[in-house]
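In: Structure here, sequence nowhere to be found:
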């Protein structure tokens, strides 16, 4: 990373010394802006038919959508701008406009963005590597912390940066390839040095980096490090940077102030509300200072955004309309700066020249390399570049460069990837600058599983999963799972890829598991047992189909079964070996309430591999789940089939919520079994993104069949529920019924997948 920082610093210093911070030939600066933006005074003899106009866009989170309406009206009024400066979301919209975005396309994009997916505490599950997805099946919670020499640390932002950064690259594709100084309009973003509190205006960096730094709202998105400085949201120091526009040469300022309304007493009832109120106070104070800097010649536009909160991205159309209405109200003040149709068309053509050039004649890659920091997977970086098609001589299409950055971010388990495009000609060098994250290499996840019903059956388990990656040059990983409560378990595994970045791997696993359970006979409790088992396994496998994995292995089990009620004199002790094979394909977006993707798990285990054992039993199981969504409706179809002998294992049990709702937990255990269910629910509301997600009401239809040689039994049931998304997974309040067995009420928190049964 030090090399990358020196590279950025050298470029910036060389450009400043040579006076190179000027726009390329397709630029549209006012005749006196180029000199001023380079820190020089305008030439005394320079004249112009109109003054230099600076557009200042304030921050405001979701309220920033109003800037689109203002820009739309400025275009309708044919008011060109020479300088654009912005803070936070104002920096994002301003950067897109200054780099040549088409306003109609930009507005259509932000209207279609699934903001609920963008504002998540981590990247979408199907964007994670296979090992990370596998962790969800061990602990379904998403509550993670980093682990380091100084102890545990929370993520630096409540929301994942990956989806936000992906959106920034869509909003301003040119931002990936071009620096702030290379844009058709003079552009600057305002950020805050989070260590000194100073205002920072990033230059010598990509437009993407400048926008990302400016909108890093404390507590929401992690700050980023640029040239050794930790940069966060610029609204803390200058939310309406009027003075910066003046310093860049603006003679007339059009300032768009979105306002930062303070909350009432109810805002102070939570820690999150207190933090937001504090930020709003600081922001409003510096805005008032900026408003006093406006002159009588300047134009202030203040959209009426009553009822639109900082994170209220569901009101995009209303916010855009409010911005347009406020600009129309200022039309008389803006009229003196309007130009004729021909001049404004020329302005628009020049403003959009960069964007069009990237589409029609993009530069080519003269070189592609990665500045790999300590702890990052260098081979993953090379693989990401190859996967995205970034090769020397290929066109530097913004989507392709962005895809390489995202893939590297996913595969190497890192926090962020900066992209540096070196040069200004037809051939340019691409440098990917990974930024490591503690959560990527050493992390712990905590989870809670809860199942309680009206029959006073209560199971409560707390889980912890510790993962340590990058343990050697081939990318070894050590993972340990611990549970306490209804299940007491410790499992540890060493996972070793067979080469740097190789899809082939071997692993060694060992663990112990203890559980107390009730055994049923025709749904009536007959016996309470205590089972204590230990396992050791060696596995080899390969990742396939990007979202799949094939494994082959052997394992040794030791199991002790003790009857608690009624008591028996002797325990049952089993020691056996087995060989197994399994295939897993997983693209689900969630294991709590999946709404898209598929899951397929097929496994086979054969016992009796020791020469002195007489029993040769086996178990085969297939799980298949397909999730769907349409409008406010979503759900899944799930089917499980099991066949084999239970001489050595109890690999599947039914009963409990969504597992034959209404039947007692683990009350159906046979060696030939089929089960299927359909779940459907409608979204009726949403919690704040910082607290959770969707609130749904729905139900399930469930059917199970026990197979015998010539006969069998079929059970039908279902449930009705309300589900609330939380950081630990969906919390269900439900009533379930199985025909001729019973009805009960559930409180349930955990995965919807069927577990592996009592003894495994």
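Out: Yes, it's here. Keep in mind that what you see is a predicted model, and the values were worked out from it rather than measured. Residues are numbered from 1 along each chain as shown.
In: From the centroid of this structure, which residue is nearest?
Out: residue 123 (1.9 Å; CA atoms, centre = their mean).
In: so which strand or helix has that one?
Out: Residue 123 belongs to no helix or strand when assigned by DSSP states H and E.
In: what's the answer for residue 190, then?
Out: strand 186-193.
In: same deal with residue 105?
Out: helix 103-112.
In: Show me what the strand holding residue 190 is packed up against.
Out: helix 33-37, strand 83-87, helix 89-98, strand 199-200, helix 207-214, strand 229-233 (3 or more CB pairs under 8 Å, 6 or more residues apart in numbering; DSSP states H and E). C-beta coordinates here come from the backbone N, C-alpha and C atoms, glycine included.
In: Where do the helices of the stretch 301-450 of the chain begin and end?
Out: 316-329, 331-334, 341-351, 353-360, 378-387, 398-411, 438-441 (DSSP state H, counting those that start in this stretch).
In: In this structure the residue nearest to the centre of the chain contacts residue 142, no?
Out: No: in this structure, residue 123 is not within contact of residue 142 by CB atoms under 8 Å, at 10.9 Å.
In: pLDDT at residue 178, what is it?
Out: For residue 178, the pLDDT comes out at 81.
In: Skip the chain neighbours and tell me the closest residue to it.
Out: residue 207 (5.9 Å; CB to CB, 6 or more residues apart in numbering).
In: Give the burial count for the one you found, as a bare number.
Out: Residue neighbour count, defined by other CB atoms under 10 Å, stands at 28 for residue 207.
In: which ones are touching it?
Out: 95, 98-99, 172, 174-176, 178-180, 183, 187 (CB atoms under 8 Å, 6 or more residues apart in numbering).
In: distance between the longest strand along the chain and the chain's centre?
Out: As assigned by DSSP state E, the longest strand anywhere in the chain is strand 524-544. Centre-to-centre, strand 524-544 and its host chain are 33 Å apart (CA atoms, centre = their mean, to the nearest Å).
In: Show me what counts as buried in the following helix or strand past that strand.
Out: Per DSSP H and E, strand 524-544 leads on to strand 548-565 as the next helix or strand towards the C-terminus. The neighbour-count check on strand 548-565 (16 or more other CB atoms under 10 Å) flags 549-551, 553, 555-557, 559, 561-563 as buried.
In: Could you check how many residues crowd around residue 627?
Out: Neighbour tally, residue 627, other CB under 10 Å: 22.
In: okay, it: pLDDT?
Out: Looking at residue 627, its pLDDT is 95.
In: swap in residue 19?
Out: Residue 19 is given a pLDDT of 30.
In: Next: the one 3 residues further on.
Out: Looking at residue 22, its pLDDT is 30.
In: cool, the one 4 residues further on as well?
Out: Reported pLDDT at residue 26 in the predicted model: 35.
In: Over to residue 715?
Out: Per the predicted model, pLDDT is 92 at residue 715.
In: what's residue 683 in contact with, if anything?
Out: 632-634, 694-696.
In: run the last query once more with 7 Å
Out: 632, 694, 696 (CB atoms under 7 Å, 6 or more residues apart in numbering).
In: wait, which of the helices of the stretch 301-450 of the chain is closest to residue 503?
Out: helix 378-387 (9.9 Å; CB to CB).
In: quick one on the thing from earlier: next one: the residue nearest to the centre of the chain from residue 622, what distance?
Out: 29 Å (CB to CB, to the nearest Å).
In: Which residue, neighbours along the chain excluded, lies closest to residue 461?
Out: Nearest one to residue 461, counting by CB to CB, 6+ apart, is residue 485 at 3.7 Å.
In: so what's residue 186 bridging to?
Out: Counting by DSSP bridges, residue 186 is bridged to residue 83.
In: Could I get the buried residue list for the host helix or strand of residue 145?
Out: Residue 145 belongs to strand 143-148 when assigned by DSSP H and E. Buried residues in strand 143-148, counted by 16+ other CB under 10 Å: 143-147.
In: got the contact list for residue 591?
Out: 136-137, 140, 751-753.
In: Check residue 578 too.
Out: 555, 605-607, 609.
In: Highest neighbour count among the residues you listed?
Out: residue 607 (23 neighbours).
In: any low-confidence regions in the stretch 651-760 of the chain?
Out: 651, 688-691, 709-711, 756-760 (pLDDT under 70).
In: Strands along that one, start to end?
Out: Using DSSP state E, counting those that start in this stretch, the strands found in the stretch 651-760 of the chain span residues 672-686, 692-707, 712-726, 729-738, 742-749.
In: Packing partners of the last one?
Out: When you say that, I think you mean strand 742-749. Packed against strand 742-749 by the contact rule (3 or more CB pairs under 7 Å, 6 or more residues apart in numbering; DSSP states H and E) you find strand 442-453, strand 729-738.
In: In the helix or strand harbouring residue 518, which residues are buried?
Out: In this structure, residue 518 sits in strand 504-521 according to DSSP H and E. Neighbour counts using 16+ other CB under 10 Å place 505, 507, 509, 511, 513, 515, 517-520 of strand 504-521 among the buried residues.
In: Please check the contacts of residue 591 and keep the buried ones.
Out: Here, 16+ other CB under 10 Å leaves 136, 140, 751-753 buried among those.
In: where does residue 490 fall, helix, sheet strand or coil?
Out: strand (DSSP: H, G, I helix; E, B strand; the rest coil).
In: Could you double-check that it sits in contact with residue 514?
Out: No: using CB atoms under 7 Å as the test, residue 490 is too far from residue 514 to be in contact (9.6 Å).
In: circling back: so which of the strands of the stretch 651-760 of the chain gets nearest residue 365?
Out: Here strand 692-707 is closest among the strands of the stretch 651-760 of the chain (CB to CB), at 39.9 Å.
In: Torsion angles phi and psi at the residue nearest to residue 309 when sequence neighbours are not counted?
Out: Leaving aside its chain neighbours, residue 309 sits nearest to residue 62 (7.0 Å; criterion: CB to CB, 6+ apart). Main-chain torsions, residue 62, degrees, to the nearest 10: phi -60, psi -20.
In: Can you report how many residues neighbour residue 62?
Out: For residue 62, using other CB under 10 Å, the count is 21.
In: now swap in residue 744 and tell me
Out: 21.
In: show me where pLDDT drops low in the stretch 251-400 of the chain?
Out: Residues of the stretch 251-400 of the chain that meet the cut-off, pLDDT under 70, sit at 261-276, 372-389.
In: same question, the stretch 451-600 of the chain
Out: For the stretch 451-600 of the chain (pLDDT under 70), the answer is 567-570.
In: let's see 80
Out: 455-457, 470, 473, 500-501, 517-527, 529, 546, 563-575 (pLDDT under 80).
In: about what we covered before: what's the separation between the residue nearest to the centre of the chain and residue 407?
Out: For residue 123 relative to residue 407 (CB to CB), the value is 12 Å.
In: Then residue 362?
Out: Residue 362 is 20 Å from residue 407, by CB to CB.
In: just residue 331 next, same as before
Out: 47 Å.
In: The two - which one has more neighbours?
Out: Neighbours of residue 331 and residue 407, each counted by other CB under 10 Å, are more numerous for residue 407; the result is 21 against 14.
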